[in-house]
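Trainee: Pasting the sequence and the predicted coordinates here, then a few questions.
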Number of protein chains: 2
Amino acid sequence: LKVLLYFFILVDLSLALFEEPAVVPLPSWVTMLVELLCLLVFTLRLIHYAKVIPRDKFWKDPKNICIIVILLLTLVDMIIYGALKAANCYGVRWSRVLRPLLLVNVTEGRQLRRAFRSIRNALPQIFYVFLLFMFSVLMFSLMALKLLGKRGLTTIEGAPYFTSYLEIVFDLYVLVTTANSPDVMMPAYNASFVFAIFFILYILINTYIFMSVFLAVVYNNYKKYLKEEVRQLVRAKRHKMVRAFAVLQEQKEEGGEPVVSQASWNQVVHLVQPDISNAHRELLWSVCDDKNQGAIGKVAFVQLADLLNIEVITIKSRPHPLNSLCPAFYQSAPSRLLCRMVQHRAFVIVYDLIILVNAVFIGLDEENPMIANSEWVFLALYMLEILLKLYVFEPRAFFSRHSFWNWFDTIIVVSALVATIVNSAMKSSGGYTSRQILDIVFILRVLRLIRVVDSIKRFRTIINTLIRIGPAILTFGQLIIVVYYIFAMVGMELFKNKVKFYEDTSDPAKAYCGNPLLKGTAFAQLNYCKNNFNNVVSSFILLVELTVVNQCSGFATVTHMSARIFFVIFHIMVVIVIINIFVAFVLEAFFVEYSVDKSDLQTSLEKKIEELELAVAQYVTVTTLGANFCCQPLWTFMTNVSSDIFPCFIARILKGKMSII
Amino acid sequence: LKVLLYFFILVDLSLALFEEPAVVPLPSWVTMLVELLCLLVFTLRLIHYAKVIPRDKFWKDPKNICIIVILLLTLVDMIIYGALKAANCYGVRWSRVLRPLLLVNVTEGRQLRRAFRSIRNALPQIFYVFLLFMFSVLMFSLMALKLLGKRGLTTIEGAPYFTSYLEIVFDLYVLVTTANSPDVMMPAYNASFVFAIFFILYILINTYIFMSVFLAVVYNNYKKYLKEEVRQLVRAKRHKMVRAFAVLQEQKEEGGEPVVSQASWNQVVHLVQPDISNAHRELLWSVCDDKNQGAIGKVAFVQLADLLNIEVITIKSRPHPLNSLCPAFYQSAPSRLLCRMVQHRAFVIVYDLIILVNAVFIGLDEENPMIANSEWVFLALYMLEILLKLYVFEPRAFFSRHSFWNWFDTIIVVSALVATIVNSAMKSSGGYTSRQILDIVFILRVLRLIRVVDSIKRFRTIINTLIRIGPAILTFGQLIIVVYYIFAMVGMELFKNKVKFYEDTSDPAKAYCGNPLLKGTAFAQLNYCKNNFNNVVSSFILLVELTVVNQCSGFATVTHMSARIFFVIFHIMVVIVIINIFVAFVLEAFFVEYSVDKSDLQTSLEKKIEELELAVAQYVTVTTLGANFCCQPLWTFMTNVSSDIFPCFIARILKGKMSII
């Protein structure tokens, strides 16, 4: 049901591809029919949801109200648009702006809502800093007007320089993004080098200091919010565990503390995690029941959830299948020598060298037949490596869930082999090489080289942290898509077809992007014509470019100076707020990684494993995955939360399982 | 002596203004004579220093060795250069690069050395992240070469696009600085929008994630280093205080703890801070001697240094001088009404409104006689405000050391008055207006408006933090000047007179900056000719521009592609290392500001003040200056340091008194 809902949201959002201005034009009645279908699905989902939960709770929840309002507004807009269309009037589908908000407000978009809440919490503080920042920009602009306006300087295009106050404010605002540096300063600097001091001061104060203050404010808020959220989660969890205890408890002896017996405990664990091994469960029990009493009290029971969170990898020391099939051969001297060789450090080094040589070969011209054939040699070498490893290590252990790099290697090498074979087959048969397949082959070849990073230990921490923050980046991806979508919809209404891109290079209109207003401007000269709002895809790509460097002179030229407001608002929303939250998130993840510390719970688990090593049939290792996230500074803040429980929460949050941003 | 030394260092550094390539050319024998004089001074200073401290300690100190090596190398270089000059050969004064290192290594440059040490400590970690980052850039470049190199695309200048590996690596490196976005992507994007995804991925990984990781590494190191430094300082201080106690201690009673009597304590305080008031000293004593025993033990004595650090502002409630002169008039009903009016909140609001109206008037055209005359009205109003405040408040309290804004106001208004009068006098007498004086008048007028910020309470915290980090920014200033100076010297040797700026607009060479190689390049078209390395001043300004946006295409064109290495190294040194440390510093200052907490010591001081209010003759307030810096997260790390002492250290560090960066 959840997948279905997301599918329809995706359909609703992707309608923008087919509506005017479209990538693939469809008649408007088709898109409107599909949209009506989507609305119907959302309504049904809402009714279904309303049936499940209590009525008063349903009406109190702002997200449901939000969805109802969005659905109604969309319907009204569709009717108006249809009527206008029928009367051959010009209509704007303004409700398209509301579509991404559905993504935020559906019940399943919990993480996205958290992200929005986090932004909303940071807004007041950001606002005050922003006011001060704007005050500073306005002051500098006033000074620039007074100092430079009357000197009769001209810009490179011959326009008067720094004579209009609003122009100056905008130019200096853009200077903060460093997009027009040093162009905006050149006329003044050419007049006298003293004016450079003005601009240097401006950049120091506004670009370096104020932008750092924004980051500080956002980061501070992010941490505060993270703490608060963790505290609430811990409290809710405790509360639930205590209730569970109340259900399961039994009086062991008269007047004694209520306890939970091992039998009911086992039952609970079996219900919660059916795939847990017996050995693992026994291990956990022995941690809880420290004194071997056959029953545990309230405190030990409450820990259960956290104990289950600590990842324990059970490696069954199974013999190699070849060993079972023909032990005489597998145990022979040459075979054992081979095993020793593959497990040796030199084997890794040799393959790293092969990868480096391969990198050089990739860089060389592949038209050369020698180079082209060398590819087969490398592929053979990589296949050999995988086969050798499979010969030495137990295949199921080699392809276990936690060996990321083994999976990565095998998939890349095998698909490269397949793609290369397909490519050669096509080449030898028809003499024609498909560009797409060749591209894939190249990408796979280059990706193979990444493997070299894993063998250097220093890099592994950084890489692992980066891989770990991956899932949380997806939440940011959703967030940014919501914001981009809204801006793309507005931008398309404002700027569609103002700037055109011509595939045909001979067209004279290409030189000025099909708009005479752009003749001779830097926008046209730099051939930015494809940076336009003519359809959703190019709008999104343009918005990414604006995030990196806010260049919008072209769009102000083709419409009106006030169009700049659109770009300034975009910059404030995306760069000052969202990108800073993203940076804060990455910073926090790395700080946590640097302050490695194990939780008490984990230590006791490891101690138990050491004690029980003989008793436990299988060899068990506790990974640090759940533990090296124990964030010292945050920890100390949480005085009213048991220190045992906290780190696992932080860990889970950072692993993206319940990301709070 | 210290001033003299700094003066000669300044002379030595500013020699670059007069040496080839010079701003003000002087014959080389003059500059060399001055430099010899400077060297002589430094040698004398070193000999003097060697006399003062023990011989083995002198030779163990790396900074002394460093100075000796620098002096010798400079001497050798001067001799070689002189000989070459005499033989009419081309010589390079390579030892000029070493000059700023003198600034680092003199005994007085302690803070600067700390900054360098902090960078050195962070380098290994930065290096590993940098390797990974470069690996990522190289991988993406290889992929770009394979995907885009064979498609026969051309750049806007018609050059082949993405065909040479090294070019791609450089272009993609520059893309990280966002300087060539979106230009570098346009040819590929014009070919197909799919390639935009490649660039978006690149920017996400390298610009956003890796740059954040750099900041995280630098910030983490900065904090670790700050902690370590503070711990050492606290330990050294404790050690000294304990030794002082051993000297002063006396046995009060047989077998009792050794104590320090009030008399010797008073003597110490009097020696350490001669300008401390009696009341203040008595207050401190009463805090130390909590139980009124007339003597204090070791623990209380050790606190002394920290007690003296807490700033206590003594406001003597002196009567207004006018009140003493003619009390009948000052106490009269209209006079008292006036006092009440000035102290009223509305008075502040009225003047804020006046400032805003003034801002509008400044923005309007000052050629208009009405506007020009209004300036006199505003000046009169501001003068009236200051006079009224002086009438109401006691002048010495009004101009006390801590009333930053009162000083600011008075200086700005009085100098604006003087400048305006001078300006009008010149105008009415000769009809000629000096541009410089007019500029000063404008700047003063605009600066006056800043005052409005102070009356909004929300802004005050931010502003105060910014003012407080001011002194530490000076250390960064020195640091950056050392780095800039070295790069300017190297840059001048590499690029001098390759790009020329022509004042004369009619000269045809102006269009290509006097270098035919630049004909038709973007560098010449954008009129960047003044961005050159032809003298020290323009080199420095260019380096600032490079810090903001690393644009160096022009210099690679006029010399050789390998010149880009210079710019990449500059970017790594300045943007990745130094700017990140600066950002970390600003972040830390704001985090500390947000986690306001008073130290125990300060609280007890305030309590004492409340208790003793009647006993102490003067009204005393404890400012939070020493206190609201108590940094909670850092605090908790310092488990082996008394929590009383720590915050004051952090405070003093952040106030720049002993800045650690």
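Mentor: In hand now; what should we look at?
Trainee: From now on I want contacts and neighbour counts done on CA atoms only, so please keep to that.
Mentor: OK.
Trainee: List the contacts of residue A:461.
Mentor: Shown in contact with residue A:461 (CA atoms under 8 Å, 6 or more residues apart in numbering or on different chains): no residues.
Trainee: helix or strand right after the helix or strand containing it?
Mentor: Using DSSP states H and E, residue A:461 maps to helix A:457-468. Next helix or strand after helix A:457-468 toward the C-terminus (DSSP H and E): helix A:470-495.
Trainee: Tell me what angle that next one forms with helix A:457-468.
Mentor: 60 degrees (axes from the mean of the first three to the mean of the last three CA atoms, to 10 degrees).
Trainee: just checking, residue A:284 touches residue A:307?
Mentor: Yes - using CA atoms under 8 Å, residue A:284 is in contact with residue A:307, at 7.1 Å.
Trainee: between those two, who's got more neighbours?
Mentor: Legend: neighbour count by other CA atoms under 10 Å in any protein chain shown for residue A:284 and residue A:307, higher for residue A:307 (21 against 18).
Trainee: Would you mind giving the secondary structure of the more buried one?
Mentor: helix (DSSP: H, G, I helix; E, B strand; the rest coil).
Trainee: Can you give me the pLDDT of it?
Mentor: Here, the pLDDT recorded for residue A:307 equals 71.
Trainee: what about it, distance to residue B:292?
Mentor: For residue A:307, the distance to residue B:292 (CA to CA, to the nearest Å) stands at 55 Å.
Trainee: got the buried residues for the helix holding residue A:461?
Mentor: For helix A:457-468, the neighbour count (16 or more other CA atoms under 10 Å in any protein chain shown) marks A:462, A:465-466, A:468 as buried.
Trainee: As a markdown table, those residues with pLDDT and distance to chain B would be great.
Mentor: Putting the buried residues of helix A:457-468 into a markdown table (pLDDT from 0 to 100; distance: CA to the nearest CA, whole Å) gives the following:
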| residue | pLDDT | distance to chain B |
| --- | --- | --- |
| A:462 | 82 | 8 |
| A:465 | 80 | 10 |
| A:466 | 82 | 9 |
| A:468 | 76 | 13 |
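Trainee: Give me the most central residue, chain A.
Mentor: residue A:473 (1.6 Å; CA atoms, centre = their mean).
Trainee: Who are the contact partners of that residue?
Mentor: No contacts exist for residue A:473 under CA under 8 Å, 6+ apart.
Trainee: The closest residue to residue A:276 other than its chain neighbours: neighbour count?
Mentor: Nearest non-adjacent residue to residue A:276, counting by CA to CA, 6 or more residues apart in numbering or on different chains: residue A:270, 7.4 Å away. By the measure other CA under 10 Å, the count of residues near residue A:270 is 15.
Trainee: do you know how far residue A:270 is from chain B?
Mentor: Residue A:270 sits 41 Å away from chain B, going by CA to the nearest CA, to the nearest Å.
Trainee: Was I right to think that residue contacts residue A:280?
Mentor: No - judged on CA under 8 Å, residue A:270 makes no contact with residue A:280 at a distance of 11.4 Å.
Trainee: which stretches of chain A aren't confidently modelled?
Mentor: For chain A, the stretches with pLDDT under 70 are A:253-254, A:309-318, A:366, A:402, A:431-433, A:595-661.
Trainee: in it, which spans are strands?
Mentor: Along chain A, counting by DSSP state E, strands occupy A:250-251, A:258-261, A:295-296, A:312-315, A:619-622.
Trainee: Sheet partners, orientation included, of the third one?
Mentor: In this case it means strand A:295-296. strand A:258-261 (antiparallel) (DSSP bridges).
Trainee: Work out the gap between the strand it pairs with and the centre of the chain.
Mentor: On the basis of CA atoms, centre = their mean, to the nearest Å, strand A:258-261 sits 44 Å off its chain's mean C-alpha point.
Trainee: Name the residues of that strand that are buried.
Mentor: Here strand A:258-261 shows A:258-261 as buried, counting by 16+ other CA under 10 Å.
Trainee: and what of stretch A:475-491?
Mentor: A:475-476, A:478-480, A:482-491.
Trainee: One more: stretch A:567-579?
Mentor: For stretch A:567-579, by 16+ other CA under 10 Å, it's A:567-568, A:570-571, A:574-579.
Trainee: try stretch A:152-163
Mentor: A:153, A:155, A:161-163.
Trainee: Domain map for chain A?
Mentor: A:2-108, A:115-227, A:324-455, A:470-594 (automatic domain parsing).
Trainee: measure the shortest one end to end?
Mentor: Spelled out, it's domain A:2-108. So domain A:2-108: terminal residues 7 Å apart, CA to CA.
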